[in-house]
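>>> sequence and predicted model, in that order:
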Amino acid sequence: LKYIGGTDISFLKEDPSTACAAVVVLNADTLEVVHEEFNVVRLQVPYIPGFLAFREAPVLLGLLEKVKINAPHFCPQLLMVDGNGLLHPRGFGLACHLGVLADIPTIGVGKNVGYFSAVAQFQLTSRSINIQLLRILSPNSISQCSPSFREH
């Protein structure tokens, strides 16, 4: 694992349809910023709780494409996303959408986890254990793990 990316979109309080979207790429060893792309955008899709991916994913995908064009040698091999992934009420949040569409492993970093049943709590624990196992089994090449391994 050589490069880690992070994405976020920040909205103007005065105008929630205007936002600044960013992708920042770090060297995984030194955490030095090696590349960044940003764009001020006007979003047409309204904010609907639970459907953030439909509003933000197209903008973030555009920025990832800019990284591929402007600095292909700095394309992230892992992407941290400001938004839920599997811990989404429907089990497939912004981080999942972005990971599938960009073909990059993602980690969703949600501000709110929400309510989960006892079964979901067990699944959270199981996923945490598997993330630790993944780290132990493949500390330098998470992107080489098969998707089926990453999901279980």
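That came in fine, so what should we check first? Since the model is a prediction, treat every value here as computed from it, not as a measurement.
>>> find the centremost residue of this structure, please.
With the centre of the chain defined as its mean C-alpha position, the nearest residue by C-alpha atoms, centre = their mean is Val81, 2.7 Å away.
>>> report the contact partners of that one.
Contacts here follow C-beta atoms under 8 Å, 6 or more residues apart in numbering; on that basis Val81 touches Gly6, Thr7, Leu60, Leu94, Ala95, Leu98, Gly99, Thr106, Ile107, Gly108, Val109. All C-beta atoms are positioned from the backbone trio N, CA, C, and that covers glycine.
>>> that one bridge partners, please.
Beta-bridge pairing of Val81, defined through DSSP bridges, involves Thr7, Gly108.
>>> thinking again about what came up before, now, among the contacts of Val81, which is nearest to Val41?
The shortest approach to Val41 among those belongs to Leu60, at 10.2 Å (C-beta to C-beta).
>>> can you tell me the SS state at that closest one?
helix (DSSP: H, G, I helix; E, B strand; the rest coil).
>>> domain ranges for this structure, per the record?
In the domain annotation for the chain, the residue ranges read 3-113, 115-152 (automatic domain parsing).
>>> so where do the helices sit in this protein?
Using DSSP state H, the helices found in the chain span residues 52-70, 94-102, 118-137, 147-151.
>>> report the buried residues of stretch 43-60.
Under the neighbour-count criterion of 16 or more other C-beta atoms under 10 Å, stretch 43-60 has Leu43, Leu52, Ala53, Arg55, Glu56, Ala57, Pro58, Val59, Leu60 buried.
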